[in-house]
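Peer 1: no sequence for this one, just the structure:
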Ligand SMILES: Nc1nc2c(c(=O)[nH]1)N[C@H]1C(S)=C(S)[C@@H](COP(=O)(O)OP(=O)(O)OC[C@H]3O[C@@H](n4cnc5c(N)ncnc54)[C@H](O)[C@@H]3O)O[C@H]1N2
Ligand code: MOO
């Protein structure tokens with residue numbers, strides 16, 4: 001099949017409007033209602049206002065254990081003039097008992113004296129209604145208990161049953177089917193090799209749909225075959241929502257849009273939204289059809305932007321997307337023609353809420369795992385400034401923004417272990433965004449983080465970190481907390497196929513490197529080693545290719561896009577690369593002294609001092625923990 005090279009992109013808001021109108025057009029807003037037992041209605045959506053059938057309580061009752069009396073007859077009673085009430089003038093009641101007329105108040109048993117002749121003595125006057133639960137005190141018949149569109153949960157069930165609603169009318173759950181497509185998609189790890197991906201989107205989307213009130217089926221993974229796809233679309237024509245994963249962009253096998261064009265209604269193929277651009281929206285028979293891009297982050301944005309509103313409409317759920325204002329800690333630029341939804345974490349630093357973006361790659365799964373939610377960058381934003389405020393939408397249920405320690409600067413594999421310990425013991429976490437040691441120190445100065453992670457070698461003093469920090473902070477303003485000494489060096493493929501032993505080999509053999517970004521400790525060290533040997537950047541192929549982490553440097557070697565990269569021994573060993581050692585370095589955390597009273601920072605310092613984050617089961621090769629937890633004054 002020839003590649004299709006055209007597509008008219010739409011504004012995402014217009015596309016959503018068309019789609020929701022289509023849900024109405026096929027009469028599925030909502031899809032219908034059913035009566036079910038209230039006891040089983042948790043999580044369901046009320047299809048209409050539900051009113052109280054009976055009052056709650058529906059008879060006057062005693063609020064206390066004691067004696068029901070006639071208030072009028074007690075008006076002379078006081079501590080100084082106790083009143084004897086004969087046994088035919090009261091009735092004994094327990095909490096919740098019916099209180100018959102003419103009794104109109106209850107005296108608590110502990111406020112009376114019981115006499116041998118069966119009478120009681122009371123010591124204060126009672127007023128009508130005292131300790132009586134009145135009819136309809138909680139709910140009166142006809143009062144609205146649950147609104148149409150409201151989700152029924154614990155207290156709704158309690159209130160509905162208290163008001164005589166044994167059964168309730170709820171909206172039916174939309175029936176959704178997920179069709180994962182692609183010859184390269186498999187559900188067995190045995191087949192995972194070149195050109196095969198495990199179907200991690202399908203089961204995850206299934207859970208998303210269930211969380212959003214759908215009944216879900218998943219088909220087997222379908223091949224890129226137009227007849228088979230067609231057959232499954234017919235098979236599920238009774239379903240309310242058909243989601244097809246993959247095959248939405250311009251690939252050879254991207255049949256999805258054309259099937260819809262021929263057999264149903266193609267409302268949109270492609271929107272000015274990133275990620276999620278190649279989404280396909282339409283209907284077929286009486287089902288809404290949404291073609292999700294195969295890349296996971298694009299899938300996630302489409303689920304949030306298009307699928308969720310469709311499900312809410314079908315299940316009749318009234319939902320409001322709460323947006324929070326955030327500042328972006330470093331300038332971001334959106335692509336000129338598209339609205340961007342950027343994944344990231346949020347954290348409060350010095351009472352200001354900051355957004356720390358994660359990778360914008362559409363295929364990234366880890367960014368979905370780590371993101372608290374998304375920040376909306378309207379199209380055409382050029383280099384946002386820190387003063388500007390942007391809309392942030394939580395995707396996660398848990399808001400950890402005030403429980404976050406923001407570590408900017410360099411990156412170290414120990415940080416996730418530290419974060420996991422802090423989470424388990426204190427529900428704290430580390431938010432880290434690798435920006436390079438120097439940039440971390442500047443961010444600390446600018447109040448954009450709590451901690452700067454740094455490993456900067458100063459060639460003049462041959463000292464680590466302090467000379468750099470003193471360029472930005474006064475003496476005595478900060479401390480350095482030692483995390484570990486790390487072995488730095490060169491990483492090459494297993495077996496060292498190019499026989500690299502020193503930097504000169506890179507030049508003489510014309511090898512490709514991948515560099516770290518300017519201001520990164522590893523970059524500073526490389527430049528120092530190069531200047532010692534008189535090697536110029538122009539002599540090294542790939543000197544301008546920058547990556548932001550040790551992992552990214554190592555994976556460039558694994559993916560054969562570089563022959564040599566620079567970083568720490570641990571990563572090389574961890575990923576099965578060979579390593580040529582250079583130098584041991586100090587990896588330290590710089591903290592402002594005026595932050596030392598923050599309980600979060602104290603918890604971090606205590607943990608590092610205790611060294612209990614060092615997982616004995618892991619081999620931290622190239623790490624020296626002898627001075628871990630030591631503090632240096634800057
Ligand atoms: N020449 C162009 N190429 C691409 C464009 C473009 O405009 N021009 N758009 C890119 C964008 S944007 C996106 S997003 C992706 C989406 O691609 P498709 O929707 O066509 O998805 P596939 O090609 O079928 O799959 C891509 C990729 O996704 C992964 N995948 C797919 N299904 C699953 C699954 N069930 N579980 C896990 N992973 C899955 C897999 O890595 C596939 O290789 O297209 C760009 N290309
Ligand atoms: O939709 Mo794609 O996700 O923009 O990369």
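Peer 2: Received the coordinates, thanks. Keep in mind it's a predicted model, so treat the numbers as computed, not measured. Ligands and ions are numbered 1, 2, ... in the order given.

Peer 1: residue 542 is in contact with residue 510, isn't it?
Peer 2: No: applying Cβ atoms under 8 Å as the test, residue 542 and residue 510 come out as separate, 10.7 Å apart. (C-beta placed from N, C-alpha, C; glycine too.)

Peer 1: these two: who's more crowded?
Peer 2: The neighbour comparison of residue 542 against residue 510 (other Cβ atoms under 10 Å) goes to residue 542, with 18 against 11.

Peer 1: ok, that one - contacts?
Peer 2: 512-515, 562 (Cβ atoms under 8 Å, 6 or more residues apart in numbering).

Peer 1: do you know how far it is from residue 103?
Peer 2: Separation of residue 542 from residue 103 (Cβ to Cβ, to the nearest Å) stands at 93 Å.

Peer 1: quick one: buried ones out of the contacts of residue 542?
Peer 2: The neighbour-count test (16 or more other Cβ atoms under 10 Å) marks 512-515, 562 as buried among those.

Peer 1: tell me, which of those make contact with ligand 2?
Peer 2: Among the buried ones among the contacts of residue 542, no residue is within reach of ligand 2 (Cβ under 6 Å from any ligand atom).

Peer 1: those in helices, which ones?
Peer 2: Among these, no residue falls in helices (DSSP state H).

Peer 1: what residues does this structure put near ligand 1?
Peer 2: For the chain, the contact set with ligand 1 under Cβ under 6 Å from any ligand atom comprises 180, 182, 184-185, 197, 199-202, 245-251, 254, 275, 277-278, 293-295, 298, 362.

Peer 1: of the residues you listed, which belong to strands?
Peer 2: 180, 185, 197, 245 (DSSP state E).

Peer 1: number of nearby residues for residue 319?
Peer 2: Other residues close to residue 319 by other Cβ under 10 Å number 15.

Peer 1: also residue 132?
Peer 2: Using other Cβ under 10 Å, the number of residues around residue 132 comes to 21.

Peer 1: do I have it right that it meets residue 60?
Peer 2: Yes: counting by Cβ under 8 Å, residue 132 touches residue 60, with 5.6 Å between them.

Peer 1: what mean pLDDT does stretch 99-106 get?
Peer 2: Regarding stretch 99-106, the rounded mean pLDDT is 97.

Peer 1: name the residues that touch that stretch?
Peer 2: 60-64, 66-71, 74, 90-91, 93, 126-132.

Peer 1: now the helix or strand encompassing residue 452: how far from the chain's centre is it?
Peer 2: Using DSSP states H and E, residue 452 sits within strand 451-454. Put simply, strand 451-454 sits 25 Å off its chain's centre (Cα atoms, centre = their mean, to the nearest Å).

Peer 1: which elements pack onto it?
Peer 2: Applying 3 or more Cβ pairs under 8 Å, 6 or more residues apart in numbering; DSSP states H and E, one finds that strand 451-454 contacts strand 404-409, helix 437-445, strand 578-592.

Peer 1: and that strand, average pLDDT?
Peer 2: 97.

Peer 1: what does stretch 287-294 give?
Peer 2: Here the average pLDDT along stretch 287-294 is 94.

Peer 1: beta partners of the closest residue to ligand 1 within the stretch 401-550 of the chain?
Peer 2: Nearest to ligand 1, among the residues of the stretch 401-550 of the chain, is residue 547, at 21.1 Å (Cβ to the nearest ligand atom). Taking DSSP bridges as the rule, residue 547 bridges to residue 516.

Peer 1: contacting residues for it?
Peer 2: 514-517, 553, 556, 565.

Peer 1: point out where the stretch 301-450 of the chain drops to low pLDDT.
Peer 2: Applying pLDDT under 70 to the stretch 301-450 of the chain flags residues 382-387.

Peer 1: how about residue 570, nearest residue that isn't a chain neighbour?
Peer 2: residue 622 (4.9 Å; Cβ to Cβ, 6 or more residues apart in numbering).

Peer 1: what does this structure have sitting close to ligand 2?
Peer 2: For the chain, the contact set with ligand 2 under Cβ under 6 Å from any ligand atom comprises 274-278, 293, 295, 298, 362.

Peer 1: which one of these has the most neighbours?
Peer 2: When neighbours are taken as other Cβ under 10 Å, the top entry among those is residue 276 (29 neighbours).

Peer 1: quick one: the strands in the stretch 1-150 of the chain?
Peer 2: 33-37, 50-51, 61-62, 66-69, 83-85, 91-93, 105-108, 112-114, 120-122, 132-133, 144-146 (DSSP state E, counting those that start in this stretch).

Peer 1: and among the ones you listed, the most buried is which?
Peer 2: strand 66-69 (a mean of 25; mean count of other Cβ atoms under 10 Å).

Peer 1: report pLDDT for residue 4.
Peer 2: Residue 4 carries a pLDDT value of 52.

Peer 1: dump the contacts of residue 547 to JSON lines, plus pLDDT and distance to residue 22.
Peer 2: Formatted as JSON lines, the contacts of residue 547 follow (pLDDT from 0 to 100; distance: Cβ to Cβ, whole Å):
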{"residue": "514", "pLDDT": "96", "distance to residue 22": "48"}
{"residue": "515", "pLDDT": "96", "distance to residue 22": "51"}
{"residue": "516", "pLDDT": "92", "distance to residue 22": "50"}
{"residue": "517", "pLDDT": "88", "distance to residue 22": "47"}
{"residue": "553", "pLDDT": "94", "distance to residue 22": "48"}
{"residue": "556", "pLDDT": "95", "distance to residue 22": "46"}
{"residue": "565", "pLDDT": "96", "distance to residue 22": "51"}
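
Peer 1: just the buried subset of those residues, please.
Peer 2: Applying 16+ other Cβ under 10 Å to the contacts of residue 547, the neighbour count classes 514-517, 553, 556, 565 as buried.

Peer 1: just give the nearest non-adjacent residue to whichever residue of the chain sits closest to ligand 1, would you?
Peer 2: In the chain, the residue that lies nearest ligand 1 is residue 294 (2.5 Å; Cβ to the nearest ligand atom). The shortest distance from residue 294 to any non-neighbouring residue, by Cβ to Cβ, 6+ apart, is to residue 246 (3.8 Å).

Peer 1: count the neighbours of the closest residue in space to residue 150 that isn't next to it in sequence for me.
Peer 2: Distances taken as Cβ to Cβ, 6+ apart place residue 46 nearest to residue 150, at 5.3 Å, with adjacent residues excluded. Using other Cβ under 10 Å, the number of residues around residue 46 comes to 25.

Peer 1: can you pull the contacts of residue 46?
Peer 2: With contacts defined as Cβ under 8 Å, 6+ apart, residue 46 is in contact with 146-150, 152, 168-171.

Peer 1: ok, the buried ones among the contacts of residue 542 vs ligand 2, which is closest?
Peer 2: residue 514 (23.0 Å).

Peer 1: hang on, the earlier thing: tell me which of the residues of the chain next to ligand 1 fall in helices.
Peer 2: Assigned to helices by DSSP H, the following of the residues of the chain next to ligand 1 qualify: 201-202, 298.

Peer 1: nearest to residue 20, of the residues you listed?
Peer 2: Closest approach to residue 20 among these (Cβ to Cβ): residue 298, at 20.7 Å.

Peer 1: would you map out the domains in the protein?
Peer 2: Annotated domains of the chain cover 12-29+174-315, 33-56+138-171, 61-133, 438-633 [automatic domain parsing].

Peer 1: buried subset of the contacts of residue 46?
Peer 2: 146, 148-150, 152, 168-171.

Peer 1: now for the residues you listed: which two are most distant?
Peer 2: Spatial extent of the buried ones among the contacts of residue 46 (Cβ to Cβ) is set by the pair 149 and 168 at 13.3 Å.

Peer 1: this completes my enquiry, with thanks.
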